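Enquirer: structure, please.
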Amino acid sequence: MNYRKAETRKSHTARLVRLTVTAVLLLPVLTVCAFAEETGGAVEVVNNLTNYVATIFKSIGVLACLFAGAQFATSLQSHDPSQRTTSIMIFLGGLFFYFMPEILALIGVQV
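Expert: Numbering: from 1, shown residues only. Purely as a prediction, here's the structure:
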């Protein structure tokens, strides 16, 4: 019984060694060089991604403000001061999200 365990360990070790050697030998063969465009394509892609993320943040801010408005109206109807406070905090958070790109530009972060 111990003989089988030793053989199983040897076969697993041999398989692992073969896999590692194959990966190391194939690594230089399977690499591909990627060259950037000379027209500033990478910068344009980063700018587009930044604009996309800023749009997502603005959308989240608008949705949070709308939700806070509905929650505030509900709190006025039910006379619940804690819900009113929560809705005001959500509204301020939504404003922060909406104006985040402008706030970052004001403190000097390039967006």
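
Enquirer: element containing residue 105, please.
Expert: Taking DSSP states H and E as the criterion, residue 105 maps to helix 100-106.

Enquirer: show me how far that helix is from its chain's centre.
Expert: 20 Å (Cα atoms, centre = their mean, to the nearest Å).

Enquirer: now do that helix: which elements does it pack against?
Expert: Secondary-structure packing of helix 100-106 (3 or more Cβ pairs under 8 Å, 6 or more residues apart in numbering; DSSP states H and E): helix 41-78. For every residue, glycine as well, the C-beta is placed using N, CA and C.

Enquirer: if you count contacts, what does the helix it packs on end up packed against?
Expert: helix 81-98, helix 100-106.

Enquirer: ranking the ones you listed by mean pLDDT, which is last?
Expert: Sorting the helices and strands packed on helix 41-78 by mean pLDDT places helix 100-106 lowest, at a mean of 89.

Enquirer: center of the chain, which residue is that?
Expert: residue 53 (9.8 Å; Cα atoms, centre = their mean).

Enquirer: what about that one, distance to residue 62?
Expert: Counting by Cβ to Cβ, to the nearest Å, the separation of residue 53 from residue 62 is 15 Å.

Enquirer: domain ranges for the chain, per the record?
Expert: 1-32, 39-111 (automatic domain parsing).

Enquirer: neighbours around residue 78, how many?
Expert: 9 (other Cβ atoms under 10 Å).

Enquirer: where among the domains of the chain is average confidence lowest?
Expert: Sorting the domains of the chain by mean pLDDT places domain 1-32 lowest, at a mean of 79.

Enquirer: chain center to that domain, what's the gap?
Expert: 36 Å.

Enquirer: quick one: contacts for the nearest residue to residue 71 once chain neighbours are set aside?
Expert: Once flanking residues are discounted, residue 71 sits nearest to residue 87: 3.8 Å by Cβ to Cβ, 6 or more residues apart in numbering. Contact analysis of residue 87 by Cβ atoms under 8 Å, 6 or more residues apart in numbering lists 68, 69, 71, 72, 75.

Enquirer: most neighbours of all these, which one?
Expert: The contacts of residue 87, ranked by neighbours (other Cβ under 10 Å): first place residue 68, 20 neighbours.
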